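Visitor: Sequence and predicted structure below; questions after.
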Amino acid sequence: MDAEFGRRRALTALAVGALVLVVRPAAATPETLAVALRETFGDRPIAQGRIKLEIPRLAENGNIVPVTITVDSPMTEADYVESIHVFAERNPLPRVLQVELGPHNGRARIATRIRLAVSQQVRAVAIMNDETLWSTAADVEVTVGGCDP
Amino acid sequence: MSQFGKVWVRLSENPKRGEPVEVRAMVIHPMESGFRLDNVGRPIPRHIVDNFLCAYAGTPVFRAKLHPAMSANPYFVFYVVAEESGDLVLTWTDDRGEAASHSVRLEVT
């Protein structure tokens, strides 16, 4: 009898737990990032390298995390970066920023400031004019998360 | 209301023909993510700058699509090759259709 009650209570607790999980605003996961990457780049192969992501290893304030992205490219008419895409795998929305560049930029370097909700991996992907994709990632520890009050 | 429309733009000094000029640009905007709650628990609606464009002598040279994970008062550093003296026109547009624009003269020597 007691055992039965305990089992039922455990099941109820499980069900409530599951419900709470579903109702909570969805936080992104590495799987959400994989979906965003697939939506953005389709099945195109993404190689590692040619792109550098400078971001603090420890970010005290997740609301303002400085990021600098540099791509190894001469930025000539023949060889240039078309776009740079930034993702944060555990933010509520993994997409952060897309920028379009071209030979008129002369330097394949951008800097900005982003929000990170929690400690996570930040990923940057560059698309070159020869259609190749290059990627890198960096882990950031966030002391006080951004996005939330 | 916010002070959307206040902007801050700086160019690196002494631009030389054919060399990249560094552009630093910031606009005042709350970049309300849509994920925060007000003091009685209601969600605060999203209100973000979602597009930024820089045109040089009429030609687009830098375009950005921003998402809620961009910090308040979005700030960009990027480069533009100085060709001829001309105006850099920077335009920020938010998801309510409001826009802020700023023009800065690039004198090439």
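Guide: Here it is on my side, so go on.
Visitor: which residues in chain A form strands?
Guide: A:46-48, A:51-54, A:58-61, A:65-71, A:81-88, A:95-100, A:109-114, A:120-128, A:133-144 (DSSP state E).
Visitor: Return the set of buried residues in the last one.
Guide: Spelled out, that is strand A:133-144. By neighbour count on 16 or more other CB atoms under 10 Å in any protein chain shown, the buried set for strand A:133-144 is A:133, A:134, A:135, A:136, A:137, A:138, A:140, A:142. Backbone N, C-alpha and C define where each C-beta goes, glycine included.
Visitor: can you check the third one too?
Guide: Counting neighbours by 16+ other CB under 10 Å, one finds that the buried residues in strand A:58-61 are residue A:59.
Visitor: Give the next helix or strand downstream of whatever helix or strand residue B:79 lives in.
Guide: Taking DSSP states H and E as the definition, residue B:79 sits inside strand B:75-81. Counting by DSSP H and E, the next helix or strand C-terminal to strand B:75-81 is strand B:86-94.
Visitor: Quick one: work out the angle between the helix or strand that that next one is followed by and strand B:86-94.
Guide: With elements assigned by DSSP H and E, the helix or strand that comes after strand B:86-94 is strand B:99-106. Computed with axes from the mean of the first three to the mean of the last three CA atoms, to 10 degrees, the direction of strand B:99-106 lies at 160 degrees from that of strand B:86-94.
Visitor: and the strands of chain A as a markdown table, adding distance to residue B:57 and mean pLDDT?
Guide: Putting the strands of chain A into a markdown table (distance: least, CB to CB, whole Å; pLDDT from 0 to 100) gives the following:
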| stretch | distance to residue B:57 | mean pLDDT |
| --- | --- | --- |
| strand A:46-48 | 35 | 96 |
| strand A:51-54 | 29 | 98 |
| strand A:58-61 | 38 | 95 |
| strand A:65-71 | 25 | 98 |
| strand A:81-88 | 21 | 98 |
| strand A:95-100 | 18 | 98 |
| strand A:109-114 | 21 | 98 |
| strand A:120-128 | 26 | 97 |
| strand A:133-144 | 31 | 95 |
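Visitor: could I get those strands as TSV with distance to chain B?
Guide: Putting the strands of chain A into TSV (distance: least, CB to the nearest CB, whole Å) gives the following:
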stretch	distance to chain B
strand A:46-48	19
strand A:51-54	12
strand A:58-61	10
strand A:65-71	8
strand A:81-88	6
strand A:95-100	4
strand A:109-114	4
strand A:120-128	10
strand A:133-144	12
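Visitor: number of nearby residues for residue B:62?
Guide: Counted with other CB atoms under 10 Å in any protein chain shown, residues neighbouring residue B:62 total 24.
Visitor: residues in contact with it?
Guide: The contact partners of residue B:62, by CB atoms under 8 Å, 6 or more residues apart in numbering or on different chains, come to A:99, A:100, A:101, A:105, B:23, B:52, B:53, B:54, B:76, B:78, B:80.
Visitor: can you redo these as TSV with distance to residue B:62 and neighbour count?
Guide: TSV is the format used below for the contacts of residue B:62 (distance: CB to CB, whole Å; neighbours: other CB atoms under 10 Å in any protein chain shown):
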residue	distance to residue B:62	neighbour count
A:99	7	23
A:100	7	17
A:101	7	28
A:105	7	24
B:23	8	23
B:52	8	24
B:53	7	17
B:54	4	23
B:76	8	23
B:78	5	25
B:80	7	23
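Visitor: shaky segments in chain B?
Guide: Counting by pLDDT under 70, the ranges of chain B that qualify are B:1-2.
Visitor: so which residue of chain B comes closest to chain A?
Guide: With distances taken as CB to the nearest CB, chain B approaches chain A most closely at residue B:20, which sits 3.3 Å away.
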